[in-house]
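Chemist: Turn this into a structure:
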Amino acid sequence: MPPTTKMDLKLPFLISVLVIEGNQSMDIITPEQILARIAALEKKDLELTEFNKRLLAMVENQREQMEQKDMTINQLLKQVNVLEQKETDNQNLKTEVSKLQARIIALESKVKQQTDIKENQEGNGQKSAVPFLHGLETHKGNIKSEFLNVILANKKHLPQTRPEDVHLAEVKRIKPDKEKETLKIRQASSAAELVAFHAVIDLGHVSHIGIHQNIVFESVLLNLASSYHVQHGIFIAPTNGLYLFSTSIMADNNGKIIYTELVKNGAVLARTQGQGHSGSHDQGSVTVVTQLNASDEVWVRLHCCADDSLYGERYSTFTGVNVNCIVRQSLSVFIKS
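Modeler: Okay, here's the model as predicted:
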């Protein structure tokens with residue numbers, strides 16, 4: 001005997017319904033009509049079953065997508081926590097380095113004072129202060145060692161793309177002798193990393209300058225790191241850091257006022273003004289310090305007014321330097337001393 005299906009169980013009920021409907025309408029329902037009705041109902045039942053399957057598949061798909069989103073959010077939260085911890089470590093390291101630098105500067109001052117005293121005493125025939133100075137030099141060496149140990153202990157936390165932080169490429173310990181150990185330092189920041197430029201306008205007159213037109217300082221006297229682009233008069237920062245910029249603009253002797261502005265990525269940092277008169281010139285200058293990221297751009301442009309002019313002959317200049325490079329070089333010379 002074949003297995004009983006859901007439709008077999010419904011069949012007596014459906015037949016009775018069809019018979020009742022036929023009696024109520026006073027129509028005679030033939031067996032063929034009953035079978036046709038049953039076939040139609042079976043078809044609808046199959047369609048509903050298929051629809052339910054698709055609906056369940058959609059629900060399951062939505063649930064999986066929600067689970068994947070939850071996993072992604074959790075991963076992002078973990079990454080944020082790691083970055084926050086690294087930032088905290090960086091801040092702590094900067095604080096320690098600043099304290100050690102302050103101690104080194106104070107000790108340098110003391111050594112200089114005692115050296116002056118020693119020279120005066122030797123000149124007057126008094127007892128030398130060499131033992132005391134030797135003690136100060138030893139203390140200075142201890143502070144240097146402490147400074148380098150802090151750098152080494154936190155080397156993994158130092159940002160790798162920020163040249164304004166302390167960059168010491170490698171510190172190797174040499175086998176200690178009887179009383180002290182010597183540190184051999186190789187500095188990663190070589191002279192090639194210095195960033196500085198100085199450009200001037202050699203032309204006698206530069207005329208027909210439009211509003212917001214770049215002022216091009218065509219004679220480049222210094223361009224370390226090749227960061228000043230003379231074609232457009234734009235400085236492009238090669239690395240992150242603290243930069244100092246200065247510009248001077250000489251007004252032409254035509255009675256007009258020339259307004260210029262020093263801009264960073266299009267944002268105004270400072271402005272200059274100069275008004276020449278018949279037979280005389282006037283010069284406006286400004287100096288700023290600003291933080292730059294790599295690829296940031298700084299240039300000088302005309303602020304006002306249209307069709308203006310300026311005077312060159314090296315009276316109009318544009319200069320910039322990465323301050324962090326100077327600090328690192330000075331620190332390196334002190335550590336090696």
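
Chemist: Can you give the domain ranges for this structure?
Modeler: Domain assignment for the chain, taken from automatic domain parsing, gives 6-70, 90-191+330-336, 195-325.

Chemist: Lowest average pLDDT across these?
Modeler: Note on the domains of the chain: domain 90-191+330-336 shows the lowest mean pLDDT, a mean of 59.

Chemist: What are the boundaries of the strands in the stretch 151-300 of the chain?
Modeler: For the stretch 151-300 of the chain, strands defined by DSSP state E, counting those that start in this stretch occupy the ranges 170-173, 183-186, 196-200, 205-209, 219-224, 228-229, 234-236, 241-251, 257-264, 267-275, 282-292, 297-304.

Chemist: how about the ones you listed in TSV, adding distance to Thr319 and mean neighbour count?
Modeler: No exception for glycine: its C-beta is placed from N, CA and C like everyone else's. TSV is the format used below for the strands of the stretch 151-300 of the chain (distance: least, Cβ to Cβ, whole Å; neighbours: other Cβ atoms under 10 Å):
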stretch	distance to Thr319	mean neighbour count
strand 170-173	34	11
strand 183-186	31	12
strand 196-200	5	20
strand 205-209	18	14
strand 219-224	8	14
strand 228-229	10	20
strand 234-236	10	19
strand 241-251	5	22
strand 257-264	11	21
strand 267-275	14	15
strand 282-292	9	16
strand 297-304	11	20
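
Chemist: Looking at those strands, spot the one closest to Arg37.
Modeler: strand 267-275 (79.9 Å; Cβ to Cβ).

Chemist: Outside of that closest one itself, list whatever touches it.
Modeler: Strand 267-275 is contacted by residues 245, 247-251, 255-263, 281-286, 288, 290, 298, 303 when judged by Cβ atoms under 8 Å, 6 or more residues apart in numbering.

Chemist: Quick one, which of the strands of the stretch 151-300 of the chain gets closest to Lys110.
Modeler: In terms of Cβ to Cβ, the element of the strands of the stretch 151-300 of the chain nearest to Lys110 is strand 183-186, at 21.6 Å.

Chemist: residues in contact with Met250?
Modeler: Gly274, Gly276, His281, Asp282, Gln283, Leu310, Tyr311, Gly312, Glu313, Tyr315, Ser316.

Chemist: If we ignore the residues flanking it in sequence, what's nearest the first one?
Modeler: Spelled out, it's Gly274. With sequence-adjacent residues excluded and distances taken as Cβ to Cβ, 6 or more residues apart in numbering, Gly274 is closest to Ala251, at 3.4 Å.

Chemist: ok, the one you found - contacts?
Modeler: Ile257, Ile258, Gly274, Gln275, Gly276, His281, Asp282, Gln283, Gly284, Leu310, Tyr311.

Chemist: How about Thr290?
Modeler: Leu242, Tyr243, Phe245, Lys264, Leu269, Val298.

Chemist: So what pairs up with the first one in the strands?
Modeler: Applying DSSP bridges to Leu242 gives these bridge partners: Gln291.

Chemist: And for the last one?
Modeler: Beta-bridge partners for Val298, by DSSP bridges, are Phe235, Lys264.
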